[in-house]
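let me see the structure of the following:
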Amino acid sequence: MRKQWTLSLLATVFLCGTGATLLCQENEPVIPRVAPRAANTLVMLPDGSTVHVELAKSEAEREYGLMGRTSLPQGHGMLFIHDRPGAYSYWMYHCKIGLDIIWMNADHRIVEFSPNTPPCRGKARTCPSYGGHATSLYVLELPVGSIKEHNLKVGQVVNFNLG
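I've put the predicted structure just below:
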């Protein structure tokens, strides 16, 4: 048992001392704050309604996401743009609001979603991950109830232009 504990401690010291984006503080990740970006990109949902989204394109922007926000108005959201298609799970660490999360492939087709995803108020190790079961390139976070309100379904296409 002591050997396992020693190896775990050494791994923690090594990972926390590398200067990586996620640093350790009492075994909790410290994610550098990223200022909110202008929600000046329009996304058109399959029912024809539009959503003003902030873009999260860099690793730091994707890691921070909507952390710390106390509200997300209807008609607003955040669009996460990954560098390459993959299986991306999301967690709600340090989120203060619930969200609807929608995963899309490179063709903007919905491949998976997580409605009414609750915030995680506990320690990082207690926060569950959501999604990541299908290959995606984009992830859209919207206010809770958006999936139901807009009758979103797997297979539908979400339209947006990234310039």
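
helices or strands up against the lengthiest strand in the chain?
As assigned by DSSP state E, the longest strand anywhere in the chain is strand 76-86. The contact analysis (3 or more Cβ pairs under 8 Å, 6 or more residues apart in numbering; DSSP states H and E) places strand 76-86 against strand 41-44, strand 50-56, strand 136-143. From N, CA and C alone the C-beta is placed, and that goes for glycine too.

what's the closest non-adjacent residue to Y93?
C127 (4.7 Å; Cβ to Cβ, 6 or more residues apart in numbering).

same deal with E61?
Nearest to E61 is V34, by Cβ to Cβ, 6+ apart, at 5.3 Å.

relative to D107, how far out is the one you found?
28 Å (Cβ to Cβ, to the nearest Å).

quick one, which of those two is more surrounded?
V34 (16 against 10; other Cβ atoms under 10 Å).

can you pull the contacts of that one?
Shown in contact with V34 (Cβ atoms under 8 Å, 6 or more residues apart in numbering): A60, E61, E63, Y64.

which pair of these spans the longest distance?
E61 and E63 (7.4 Å; Cβ to Cβ).

would you reformat the helices and strands packed on strand 76-86 as JSON lines and include mean neighbour count and distance to L99?
Compiled in JSON lines, the helices and strands packed on strand 76-86 are given as follows (neighbours: other Cβ atoms under 10 Å; distance: least, Cβ to Cβ, whole Å):
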{"stretch": "strand 41-44", "mean neighbour count": "16", "distance to L99": "15"}
{"stretch": "strand 50-56", "mean neighbour count": "19", "distance to L99": "13"}
{"stretch": "strand 136-143", "mean neighbour count": "23", "distance to L99": "5"}
